[in-house]
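Chemist: The amino acid sequence is not available; the structure is as follows:
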């Protein structure tokens, strides 16, 4: 499984006013944060990365040609500023090593695509990674002594990795996976109740997890109560035995 876990501690770049820093590690984590950062600053900046820069054009003899600098309108300058701002934010979020990798790129889209190809591979490589990760997803199981939260964390990391590579799993698919990987002996009653009530149709993934967590805590309380009662019974029997010996 690819390393998706975020770095520990509060490293440079974790700010709402400056772009997240990428130093060559944890690219998937950085990519998701940079996308969110750009969209928050100005959603148009993200469009410039995904769609490429806006080039001021004019019609000459029925054909589109690029405008010269002297022909730029105020609207053209605004669009060009968006291009430059998107590129500047990306560059400011790169370490020297990563900047050198993209220093010859002219647009924000070229920078982004170069980083993706360098750290996630070409489209063919990404398809291969998706196939490996999806196989892992299909075979995903809950550990014998694993808690619900630990299982959900592992599953979420796997789903996020797939999503970052372009394989998006629906909420319904994730919910069904959560219900399938629960230990049957422990969760049969609860899972059956949820399925029979058809709650998945209107239940979010967070609600499903919360529902299962509540059930898990109830079961743990019952087990503790049962163990406590057994312990009290054993103590009482031992006391009776001691008194008989006297």
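Modeler: Perfect, thanks for sending it. Remember, predicted model here, so these are calculated numbers, not experimental data.
Chemist: CA only for contacts and neighbour counts going forward, please
Modeler: OK.
Chemist: Would you mind naming the helix or strand containing the residue nearest to the spatial centre of the chain?
Modeler: The centre of the chain sits closest to residue 160, judged by CA atoms, centre = their mean, with a distance of 3.5 Å. Residue 160 belongs to helix 148-164 when assigned by DSSP states H and E.
Chemist: What of residue 87?
Modeler: Judged by DSSP H and E, residue 87 forms part of helix 74-92.
Chemist: got the angle between the helix or strand following the helix holding residue 160 and helix 148-164?
Modeler: Downstream of helix 148-164, the next assigned helix or strand under DSSP H and E is helix 171-180. Angle, helix 171-180 to helix 148-164, by axes from the mean of the first three to the mean of the last three CA atoms, to 10 degrees: 140 degrees.
Chemist: How far off centre is helix 171-180?
Modeler: Using CA atoms, centre = their mean, to the nearest Å, the mean C-alpha position of helix 171-180 is found 16 Å from that of the whole chain.
Chemist: List the buried residues of that helix.
Modeler: 175, 177-179 (16 or more other CA atoms under 10 Å).
Chemist: go on, stretch 43-50?
Modeler: In stretch 43-50, counting by 16+ other CA under 10 Å, buried: 44-49.
Chemist: do stretch 98-113 as well
Modeler: 98-99, 102, 105, 107-112.
Chemist: could I get the buried residues of helix 171-180 as a markdown table with pLDDT and distance to residue 156?
Modeler: What follows is these, written out as a markdown table (pLDDT from 0 to 100; distance: CA to CA, whole Å):
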| residue | pLDDT | distance to residue 156 |
| --- | --- | --- |
| 175 | 81 | 11 |
| 177 | 85 | 11 |
| 178 | 81 | 10 |
| 179 | 77 | 14 |
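Chemist: what packs against the helix or strand where residue 136 lies?
Modeler: Taking DSSP H and E as the criterion, residue 136 maps to helix 123-138. Applying 3 or more CA pairs under 8 Å, 6 or more residues apart in numbering; DSSP states H and E, we find helix 123-138 packed against helix 148-164.
Chemist: what's the angle between the helix it packs on and helix 123-138?
Modeler: Using the same axes, to 10 degrees: helix 148-164 against helix 123-138 is 160 degrees.
Chemist: what packs against helix 148-164?
Modeler: Packed next to helix 148-164, using 3+ CA pairs under 8 Å, 6+ apart, are helix 27-41, helix 123-138, helix 205-245.
Chemist: Buried residues of the first one, list them for me.
Modeler: Along helix 27-41, the positions that meet the burial threshold by neighbour count (16+ other CA under 10 Å) are 27-31, 33-35, 37-38, 41.
Chemist: what's it in contact with?
Modeler: Helix 27-41 is contacted by residues 4-6, 16, 19-22, 45-46, 86, 89, 119, 161, 164 when judged by CA atoms under 8 Å, 6 or more residues apart in numbering.
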